[in-house]
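> next come a sequence and a model predicted from it.
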Amino acid sequence: MTDESPDSVPAKVELHRGLDTGLAGDRLDWTVGFLIAVYAILVRVYVLLTTHSTHEDFLITLRYAENIASGRGFVYNAGEHVLGTTTPLYTLLLAIAAWIHLDPVLAGKSVNILASGATCYVIVRLGAAVGRSRVSWFAALLYASTSAPINFSIGGM
């Protein structure tokens, strides 16, 4: 006698409830995710080059980073030890860029733009992992095209 309760679903059926998209689906999701990521990066570079947008908070963070790189410490003004940056780890990243004589503005904005592209890719891959590939494509396109994520990534923060 077999158990016909809803909880006793064979393993093969369980596998096909949306978690396994197959090799062709994986390739398609990878390609779509990559293309949306490239689109997001290109949109951000275009908007940055046409607007030259920089957030005030980025300038504060940049001053902290330049002081760290020049040996004055984690300060905005030399001798005044007050934490005024909202992103201490990002400040250290910019300080490393300044310390090795890279342009910290270019380095910071480049990291942010690349991170936005990577976010689009991750959105697609997460959607694919739960069996919602096309929904995740739309979500990634929204993230790639919406003004708020673009503004934050090109503004330096």
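That came in fine, so what should we check first? Numbering: from 1, shown residues only.
> let me know the average pLDDT across the longest helix seen in the chain.
Criterion DSSP state H: the longest helix present in the chain is helix 22-51. If you average the pLDDT over helix 22-51, you get 92.
> same question, stretch 124-132
Stretch 124-132 shows a mean pLDDT of 94.
> please begin residue numbering at 54 from this point
I'll keep to 54 as the first residue from here, and by that count the last item is stretch 177-185.
> next, count neighbours for the nearest residue to residue 152 once chain neighbours are set aside.
Using Cβ to Cβ, 6 or more residues apart in numbering and skipping residues adjacent in sequence, the residue nearest residue 152 is residue 122, 4.2 Å away. Yep, even glycine has a C-beta here, placed from its N, CA and C like the rest. Neighbourhood size, residue 122 [other Cβ atoms under 10 Å]: 18.
> residue 192: neighbour count?
Residue 192 has 17 neighbouring residues, counting by other Cβ under 10 Å.
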